[in-house]
Each structure stands twice: as C-alpha cells, then as structure tokens.
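*Asks:* Below: sequence and its predicted model.
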2 protein chains.
Amino acid sequence: MTQTRTRPDRGRSALGPALELVHTGRAPTRAVLTAELGVTRATAGAVAAELQGLGLITVDSSPSTAGAQGRPSHRLAVDPAGPVVLAAQVHTDGFRAALVGLGGRVVATAPGCGPVEADPAQVLGEVVAAGRRLLEESGRRCVGAGLAVPSAVAEPEGTALNPLHLPWAPGAPVREVFRRCLADAGISAGADDGVAANDVNLGALAEHRHGAGRGARQLLCVATGHRGVGGALVVDGRLHTGSSGLALEVGHLTVDPEGRACHCGGRGCLDVETDPLALLEAAGRRPGPEVSLLHQAIDLLRTEYHADPAVRAAAHRLVDRLALGLAGLVNILDPDRIILGGLHRELLRFDGDRLRAVLDGRSLWGRGKTFAVLPCSLDHNSLVGAAELAWQPVLDDPLRVQVV
Amino acid sequence: MTQTRTRPDRGRSALGPALELVHTGRAPTRAVLTAELGVTRATAGAVAAELQGLGLITVDSSPSTAGAQGRPSHRLAVDPAGPVVLAAQVHTDGFRAALVGLGGRVVATAPGCGPVEADPAQVLGEVVAAGRRLLEESGRRCVGAGLAVPSAVAEPEGTALNPLHLPWAPGAPVREVFRRCLADAGISAGADDGVAANDVNLGALAEHRHGAGRGARQLLCVATGHRGVGGALVVDGRLHTGSSGLALEVGHLTVDPEGRACHCGGRGCLDVETDPLALLEAAGRRPGPEVSLLHQAIDLLRTEYHADPAVRAAAHRLVDRLALGLAGLVNILDPDRIILGGLHRELLRFDGDRLRAVLDGRSLWGRGKTFAVLPCSLDHNSLVGAAELAWQPVLDDPLRVQVV
DNA sequence: TTACTTTGTGCCTCTGTGAAACAAAACAGG
DNA sequence: CCTGTTTTGTTTCACAGAGGCACAAAGTAA
C-alpha cells in the first residue's frame, strides 16, 4: 500500500521563524536575519525573497544610512500594504474592532458602546459587522480574526469560563459564536478561522512582542479593566494558560484577610481591593454613572493625588494590597519583568516607590533585585494581542497566506 | 569569503524525538514510532536502525506475541546494556549516588550518610567518588552526570540559592564544584559535562517522564523532604524554573495567619506547618535523634493514625494547611495533575478524602473537577530526575554518544 | 585611487525525508 | 492447505531545503 504522511508539508522551514523575527522587529536587516536564524546568507536571502514575494515583508536595497564598515545590508520591514487580521475586543462597557497588520500596527479602529447584551451572538455580531465595515473601507485582505474577552477562555473548547463582569453565562461558546459571525459576514475562509482568548492574556502577549515586555523571559502582567483584576504570564514567548485556561486568574488572591467581602465568597480579594471602584470608595467618592469607573479612578488620581491627602491615602491603601498580591505571585512564579495595566499602571506611576518598596520587602531571597516593574506601553494591547493570536498560523507557516 | 554556519549540524533531525519516545516508553513498537513521529515507515526504520547502531535502543524482530491482525511490528526498547549517566543527590542527612540508564532504569545505587559538611567540595567529592566506584564495578560507559540538591539552583550560574537545611552558604557554586569533582575523578569528558538542579524539580521531571505524572500537561509537584517543603511545575514536559531558578519555591506560602513563626520572618508558612517536624509536634511527640524526622513522622502515621485520635487530629491539621496551600497554587497555576511526595504523600494516603474536600472547596470556578491528586510513584525520583537532566543532551542529539 | 570589510548571489552538493511499489508476516475463512 | 486481507518492513527513486564556496557588490578607511 502507498503511504502518505499525516502532517502537512513544512514548506521552507526557516520561513516562519524569519517572519517572526521581522514581525517582532528583531531582524531589521538581512544580515541580522542571517545571524538570528543561524543559517547561511544564501538561505536567508532566499527566505527574505520568498516572504517578499508573499507580500508580507519589504526588502529595501536602497542606500541605507549605514555609517558602518562593509557593504550595507538590505533593510527588512513588515509590508505596510500587506494583509491584515481582524481584531475584536469585548469589554464591560462595549466593544472595539480593529484591523491590525504585521508588526502590531493598528491600521484602523472602530469603537462601539455598551451595554453588552446577554446574548453573545448579538455583541459579536456587532463587532464583526464593525470589522467588516473597516475591511470594506480599507480594501485590504483579511487573513484571520481574533477576539479578546474579559474572561478566561478554555482550550480547546473556546468557551468563556468566568465572564464575571459581563451578563454572559459561564461556559458561553464564544469562539464558536465568533466563528459563526465571521462566516455569516463572509470574512472567514476556513472553519478554524477565528480564535478567542482572555483580554489580559492577550495584552501580555502584545506587550511581550511589541511593547514593554520585549525580551523578557518570564513576563508577569497584572491589569485592571473597568471591573476586576486579571493576570497573565508569558514564558519564553508563549502564554501560560494552564490546563483549562484558568491560570493566572489572580483576582481572588487574598490581600487583606479583614478586607471587604467578595462575590467569590472570600474576603479581601485582589479583585475588590485594587480595582477602580475600590479606589473611589477608599477615597470617599461616590462613583458617577456618566463615564467608566476606570476613567473616574484615573481622573481622580491625575487631578487630586497631589492635592488631596485622602486620595493619596486611598492610593497607598491600594498600592499596599497590590504589592502584597504581586509579592505572592513573584515568590511562586519568579518573573524577570512585571507589567501593570489599567488602574494598576496609574498606581505605579503615582506611587511607584511605595509599590516597589513593599514588593521588595516581601520578595524572598533577594529576588527583588532581579525583576523590573513597568507600566504597559501599548494602546489597545488586548486588541493587538488578539491580532497576534490571529496572526499565529501565518507566523507558523507563512505559505498559508497564498493558500487561503 | 567562505561562510560557515555557527550552529552544529543537526544530523538526522528525527533522531532526538525518536529516542525520547522510546526513552519515555511512548514508542513500544516501530509502527507506533512511525505514527508518533509523523514520518513514513521508511524514515522511522532508518531512525530506529541508527539508534540501534549507536547502542541506545534494541530492535527486536523476533516473534512477538501479537494477536492482532497484520504483520507484527518490531519491538523497540531501551538497550539494557547501553551507556549510563551518573546521578547524585545531596540531602539533609547525607548523599546518594546511582547509575541510571535510559528509560529511568536505576542500574546501581550507593548511599552515604551525613552529616553534610559545610564545604560543598567535600560532600560532592564523596558523592562523585561513590559514583566512580559504581562505574568501575559495572564497567559501563558514562555519558553524563546530574546532581540534585535541596535548594533552588540558579541558571545559568549553577549556584545554590537557598540551601536552607544544609550548612552551605547561599550562592554556593554547586555546579562548578560538581564539575571539578567529576574532572578530578576522570569521569567527565567536556567542561560542560555535569548539571545540577533542585531535588523537587528533578523529582517532578522524573515523575512526569516515568511515573505518576506521565501524560500530564501541567504537572504540579509538592513534596517534603526531611525538613522544609518544595514545589515544582512541569509544563508540556519542561520544567518551569522561573527566571532565576526560584519559581515554585512554595515553602513560604502563608497557610495559617496565626501559625508558628518561620525563619523567613513570616508566620504559618507551608514550610513549618506541614513538614515532618510539624506533624510530630502537633501530635505531641518529641522527635528523637536516632532516625530522620521524615521516617519518624511516617512511622507515626503508619502505626498510630488509626489508633490514636491525637495523631489523627495532627494529620487533619497538616492536611488542612497543605490543602490551603495547594488551593492557592491551583488557582494560580491551573494544573491538570498534582503529585505529592515525602510526608505529603503519606498524608494523601491516610487522609486523602479530607485533602480532596478542602482542596475542591477552595478551588475557584469548579476547577476541582479538572485535576487529579496522586502520590508520587518512583523510588529515588530526585535521582532519576538528575539522570534525566544528564541525559537531556543525548535526547536532544543522540549522535553525541559517539562523538564523546 | 587602493585596500579592506561586510553583504548579496549563483552554483553545486549533501542529506533528510516523502512517495510508491514490493516483500514479509500475521490472521480469517474456505 | 490454500487464498485473500491486513498491517508492517524494505528498497528505490526523487525532491527540496540548506550548506559550502567562489565571486560580485557596496560601502568605509587610508
């Protein structure tokens, strides 16, 4: 009997790694690409030419402002006219859609307000419709789609496990619904086109590839959205999602045994002690209904942190608890970099010294000296992360863009 | 100018994965090897023949007791006469040396008693000498050496960061000392021959490859030695050591805010609340000096758990605290399997229902149903793990055995 | 200008692996 | 016992990815 292998052809095996290097900006020239891939110049040249032929990167052989000795190297860059992916995000107050090219470049964005409906199909239908409009306006080719949701997403099922701050039922099959919406809108090509993941996880992935997390080997991200706290860990460039997608759901770490009651049944959880509502209440402010809690909390810090001692005390209170939670994570995970997002980023900016001091004091075995704490650096990092996820098949095998 | 690539030749690229499949018992026949590698029968045959030629595996084409239809497949197995690695372990009461073949087969063992000297070179010199005697007696070829120590080991420095229960100074360069001892004994071939890591980490690795952790995607191990508590996480077959080797050093998780004082400065740490000494004291027993605390504690459980209510109550106390610590880890790491070693294994055996109940009650979002809790299944799992680490270069590129 | 350095390109070769056809070793059924 | 079926091992051929090498190209340094 004849025998056919089950796995698909690898194609040029250095193609994927090469595209990833250009995508993340680690291969600005062909010479660097040669070194990073560990191949000969001939191979690197062939690979670059093939990626250029696929319309994914540009190879610029024009006079570069080199200044160095020897023949100047051709400059490599992501093709700004290349294909895009559709990135979508659902959050507590609405949704966002965007087109994102390689290199994490956001090409177009469309916001949408809430409230988020109880039926995921309704919201995702609107997001996808917005994305479709963006695609039509831009006239660009779409090679994938990714969705960020404020909930852990189980793999391989693609279900939202704990959409605590959305009116969705736990276990909602968000990925399948998303795929159906894509198919209905005529966007997706195959049935496995369209991926979904947790927003903080995706934000961490984006920061690792294009932002403040570049080069980190063990990147811990903690962020508040409008409600609740999320965490993520990127190890050697890959998301650590745990066995069921619930890893790093750090919202219910205890950071104050006598703290306020949490809907999880515990007391003094990171979630209720360090989110925007906690800051407003600690400062004695009544949250207004007009704008999001996150914006109210950030505004409060920006306008009154230096003026009002009560606001400063409230910030201190949150920072102490945040640092306690981070110290627990540091002692278990041993990251080399920590990135804070949302309100936590602002707390770091206004009260970073205190955060660092508490954190160092609680880190065992002098670990405090081994990691940096940074604010997140990308706008829309969850969107960019959703795009990363959508790009992944292409990064793994760039030849897909011509097949699809 | 001519151009030579920097990376070494890959050789036959399926060679390493093939050896690993046989090594871990996942490829008992050539047909299975073909399927697991995802290559054609021709390739699998060539690979198996090459590994056989290297003296690493045996290919048995004799009449197998098949029973199934079709031509019986050749049976693959680790060559019992193949090369070995030297595995060494230092613990609080002494050391152990062993020769370990592929497949985690312990070929020979030599124990050594304590006390452990303050100078690492002295202890490691003794271990290596014991290993050398084993090698001479057996007459087998040695292709690597690994060392397990009761401390986190920093990479890439190879220093013992927190040898809390040994008289060694933090930061002792154990790997370099180990390598020097190997060189002095004429065992090692190259300068990079000889690796060192934490004992619980290595135990987890061994359990994952050859024991109760087989097939787990996210394996969490927690174990007590004679003193203290260690943890480890194996993700997709690789140890999660963190950025400085201190990940999963879980001994100082707080499991009882009003618990006893710990030398780390905290209170109620897992370390002091669930180790052998804690059980003896909770049961109102005075620890004797004759045998190790671990043996005294295990003996106490075995002989009096069912007879003495005070012992049962002490076990309950430890189990509750252990479960609390595990729940915290589960909620952050989301493992699909947990393996307990040392005294914790005995607590699981005698009081498993209670452990499981507390653990499930504390696991958020119904995660309790997604993981198993098992006792560790290998004798000397730290030794076998040290051997795994030593074997790794050969598993990555089996052609090394002929070069060395 | 000339020498030197670094990078890009064309050509040949090597090697790992797939594809296909065939042989071998078991079982099932007459 | 013979024949057909199923599964596995073996042989042969071919192809593609990547290395090795020589040479060309494009800068800087003197």
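*Replies:* Received the coordinates, thanks. Quick caveat: nothing in here was measured; it's all calculated off a predicted structure.

*Asks:* part of a helix, is residue A:365?
*Replies:* Yes - assessed with DSSP: H, G, I helix; E, B strand; the rest coil, residue A:365 lies in a helix.

*Asks:* so who does the closest residue in space to it that isn't next to it in sequence touch?
*Replies:* Ranked by CB to CB, 6 or more residues apart in numbering or on different chains and with sequence neighbours excluded, the top spatial neighbour of residue A:365 is residue B:162, at 5.2 Å. (C-beta placed from N, C-alpha, C; glycine too.) Contact analysis of residue B:162 by CB atoms under 8 Å, 6 or more residues apart in numbering or on different chains lists A:364, A:365, B:151, B:152, B:170, B:246, B:249.

*Asks:* switch the cut-off to 6 Å
*Replies:* Counting by CB atoms under 6 Å, 6 or more residues apart in numbering or on different chains, residue B:162 touches A:365, B:151, B:152, B:170.

*Asks:* Can you report phi and psi for the residue of the stretch 301-404 of chain A found nearest DNA strand D?
*Replies:* Per CB to the nearest atom of the strand, the residue of the stretch 301-404 of chain A with the smallest distance to DNA strand D is residue A:399, at 8.7 Å. Main-chain dihedrals, residue A:399, degrees, to the nearest 10: phi -70, psi -20.

*Asks:* now swap in residue A:341 and tell me
*Replies:* phi -130, psi 170.

*Asks:* mind checking the SS state of the closest residue to it other than its chain neighbours?
*Replies:* Distance criterion CB to CB, 6+ apart; nearest residue to residue A:341, sequence neighbours excluded, is residue A:223 at 3.1 Å. Assigned with three-state DSSP, residue A:223 falls in the strand class.

*Asks:* List the residues that contact residue A:223.
*Replies:* So residue A:223 contacts A:200, A:230, A:341, A:342, A:344 (CB under 6 Å, 6+ apart).

*Asks:* can you redo these as TSV with secondary structure and pLDDT?
*Replies:* Below are the contacts of residue A:223 laid out as TSV (DSSP: H, G, I helix; E, B strand; the rest coil; pLDDT from 0 to 100):
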residue	secondary structure	pLDDT
A:200	helix	97
A:230	strand	95
A:341	strand	97
A:342	coil	96
A:344	helix	98
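
*Asks:* Centre of the chain to stretch A:116-125, how far?
*Replies:* Offset of stretch A:116-125 from its chain centre (CA atoms, centre = their mean, to the nearest Å): 22 Å.

*Asks:* Can you get me the start-to-end distance on it?
*Replies:* Using CA to CA, to the nearest Å, one end of stretch A:116-125 lies 12 Å from the other.

*Asks:* what sits up against it?
*Replies:* By CB under 6 Å, 6+ apart, stretch A:116-125 touches A:90, A:166, A:167, A:168, A:172, A:174, A:177, A:178, A:181.

*Asks:* so where's the stretch 101-250 of chain A shaky on pLDDT?
*Replies:* Scanning the stretch 101-250 of chain A for pLDDT under 70 picks out A:189.

*Asks:* Just the strands from it, written as ranges.
*Replies:* A:106-113, A:142-149, A:153-154, A:159-160, A:195-198, A:218-224, A:229-235, A:238-239 (DSSP state E, counting those that start in this stretch).

*Asks:* on that earlier part again, out of the contacts of stretch A:116-125, grab the one that's most surrounded.
*Replies:* residue A:90 (30 neighbours; other CB atoms under 10 Å in any protein chain shown).

*Asks:* Quick check: that residue vs residue A:149, distance?
*Replies:* 5 Å (CB to CB, to the nearest Å).

*Asks:* got it, and residue A:384?
*Replies:* 15 Å.

*Asks:* And residue A:208, by the same measure?
*Replies:* Distance from residue A:208 to residue A:149, by CB to CB: 20 Å.

*Asks:* do the same with residue A:354
*Replies:* 33 Å.

*Asks:* what residues does chain A put near chain B?
*Replies:* Counting by CB under 6 Å from any CB of the partner chain, chain A comes close to chain B at A:3, A:5-7, A:38, A:40, A:161-162, A:217-218, A:242-244, A:246-247, A:252, A:257, A:333-334, A:336, A:364-365, A:367, A:370.

*Asks:* Many thanks, I have nothing further to ask.
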